[in-house]
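[1] sharing a model that was predicted from the sequence below.
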Amino acid sequence: MERTLVIIKPGTLQRGLAGEIISRFEKRGLKLVAMKMKQLDQKILDVHYAHLKEKPFFPWLCDGMMAAPVILCCWEGFEAVKVVREMAGATNARKAVPGTIRGDYSMSAQENIVHTSDSLENAAIELDRFFSPEDYCDYPSPLNSYLYAPDEK
Ligand code: TYD
């Protein structure tokens, strides 16, 4: 099974939407295997958003990501990276399709509710950035036989 990172952004927490967003991933059938709250700082954002460092909006993006704690979640499931990414919707929430998280809860390209890993390779790198091996919880998933067919992987 794949694992992917979701960061519930500070604005989402401040708007009181964190539970609702977590619930959407749960209802889809993804399994929560690690979760913690963390106040991000400039040092970790310089690494996490290194691909955006030259963009004019980079300082505002970082301010937004440091405005309050984030909730870091690791979700597990077959093809979890793509499934979670598609659930989030387009980066600019005004272009996100209704039914996606951003399309349902946001009007902004920056204050867009969640970060989601964009590839399996980046998911592994990002999970290592925020979680230690002991943060992951192994527990039975008795509903798996209802969530998946025996040949699905
Ligand atoms: P990016 O990695 O391109 O998108 P995504 O979060 O969908 O993987 O951008 C990271 C964050 O940077 C994005 O979630 C919000 C912010 N951002 C802006 O504020 N304005 C922009 O025009 C873009 C492209 C991103």
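    Yep, that arrived.
[2] gap between the helix or strand of the chain with the lowest mean pLDDT and the chain center?
    The helix or strand of the chain with the lowest confidence, counting by mean pLDDT, DSSP states H and E, is helix 144-147 at a mean of 92. Helix 144-147 sits 23 Å away from the centroid of its parent chain (C-alpha atoms, centre = their mean, to the nearest Å).
[3] neighbours of the residue nearest to residue 148 when sequence neighbours are not counted, just the number please.
    The spatially closest residue to residue 148, leaving aside those adjacent along the chain, is residue 78, at 6.6 Å (C-beta to C-beta, 6 or more residues apart in numbering). Backbone N, C-alpha and C define where each C-beta goes, glycine included. Neighbours of residue 78 under the rule other C-beta atoms under 10 Å: 14.
[4] for the one 4 residues further on, same thing?
    Applying other C-beta under 10 Å, we find 15 residues neighbouring residue 82.
[5] tell me which stretches of this protein form helices.
    Along the chain, counting by DSSP state H, helices occupy 10-14, 18-28, 42-48, 58-66, 80-88, 101-105, 120-130, 144-147.
[6] closest one to residue 35 among these?
    Of all those, the one in closest proximity to residue 35, counting by C-beta to C-beta, is helix 18-28 (8.2 Å).
[7] buried sites along the closest one?
    For helix 18-28, the neighbour count (16 or more other C-beta atoms under 10 Å) marks 18, 21-22, 24-25 as buried.
[8] where in this structure is pLDDT low?
    153 (pLDDT under 70).
[9] for the ligand, what are the nearby residues on it?
    By C-beta under 6 Å from any ligand atom, the residues of the chain that approach the ligand are 52, 57, 61, 91, 109-110, 112, 115, 118.
[10] list the contacts for residue 141?
    The contact partners of residue 141, by C-beta atoms under 8 Å, 6 or more residues apart in numbering, come to 31, 147.
[11] how far away is it from residue 32?
    11 Å (C-beta to C-beta, to the nearest Å).
[12] swap in residue 102?
    The gap separating residue 102 from residue 32 is 20 Å, by C-beta to C-beta.
[13] try residue 21
    As judged by C-beta to C-beta, residue 21 and residue 32 stand 12 Å apart.
[14] now swap in residue 75 and tell me
    6 Å.
[15] between the two, point out the one with more neighbours.
    Neighbour totals were compared for residue 75 and residue 32, and residue 75 leads with 28 against 15 (other C-beta under 10 Å).
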